[in-house]
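In: starting from these lines, generate the structure:
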Amino acid sequence: MPDTVYIIKETSQLTLKEIKVILMSWDVPEWRNMSSEKFRNVFSQSEFHLLASPDSKLLCIARINFRFKIEVQQVIYDIAELVGLVAIEKGKGYGKKLLAHVQQNLVRRNIEVIGFCEKPVRLFYEKSGIPVLYNKAKYLVEMTGDEKVMSSDDDILNINLHPGTLKVFKGLSKQMTGHLLLE
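Out: Residues are numbered from 1 along each chain as shown. Predicted coordinates:
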């Protein structure tokens, strides 16, 4: 694997070229033509973790969403969310390498962070050393108006949870569900 550079940028610090690469890498059709102004607004409460080549070519990206809270048993947990992890060049170890940098950074900064995954990518996170809370994501529901929306994800990823918070997430069940509070 060639030398790489780990970079953290606030949304406002991203270049127009970086924004375009991120939007194309995420492969969300409705975002493809998003203006940089709208991107900066929509993701204003995010931080971008990037793995780049020495000549600044993006190799892998991840976003930490700070606009994320979870309520469990009437307690609100202010936990950030790892989302949008994409290796631009697949199969070269960039995802695993960026994930290690991200996790070390968040542990050092004492920021609690979770992620989510579906069963088919569970093995990637396991091999990357990320503890997986199996089949717990389905116990986190999002309220859209009066309607509960169940997650399509299977697992919760323990990117960096404090022991007390981890115990709460391990205890999620049909009897003890959590609610995603999106601002």
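In: only C-alpha atoms for contact and neighbour calcs from this point on.
Out: OK.
In: which helix in this structure has the most residues?
Out: As assigned by DSSP state H, the longest helix anywhere in the chain is helix 94-108.
In: so how far is it off the chain centroid?
Out: When C-alpha coordinates are averaged (Cα atoms, centre = their mean, to the nearest Å), helix 94-108 and its chain have centres 12 Å apart.
In: helices or strands next to that helix in the packing?
Out: Packing partners of helix 94-108 (3 or more Cα pairs under 8 Å, 6 or more residues apart in numbering; DSSP states H and E): strand 46-52, strand 58-65, strand 80-87, strand 155-160.
In: again, only this time at 7 Å
Out: Counting contacts by 3 or more Cα pairs under 7 Å, 6 or more residues apart in numbering; DSSP states H and E, helix 94-108 packs against strand 58-65, strand 80-87, strand 155-160.
In: partners of the first one, with directions?
Out: Strand 58-65 has these partner strands in its sheet, going by DSSP bridges: strand 46-52 (antiparallel), strand 80-87 (antiparallel).
In: tell me which of these sits nearest to Lys148.
Out: Closest to Lys148 of the strands paired with strand 58-65 is strand 80-87 (Cα to Cα; 20.0 Å).
In: for the record, mean pLDDT for that closest one?
Out: Average pLDDT, strand 80-87: 96.
In: and it with strand 155-160, angle?
Out: Orientation of strand 80-87 against strand 155-160 (axes from the mean of the first three to the mean of the last three Cα atoms, to 10 degrees) gives an angle of 100 degrees.
In: and strand 80-87, how far out from the chain middle?
Out: That offset, for strand 80-87, works out to 3 Å (Cα atoms, centre = their mean).
In: ok, now stretch 79-91?
Out: For stretch 79-91, the distance to the chain centre is 6 Å (Cα atoms, centre = their mean).
In: who touches it?
Out: For stretch 79-91, the surrounding residues in contact (Cα atoms under 7 Å, 6 or more residues apart in numbering) are 25-26, 59-66, 68-69, 94-95, 112-115.
In: and if you look at stretch 20-27?
Out: Trp31, Arg32, Gly84, Val86, Ile88.
In: cool, thanks, talk later.
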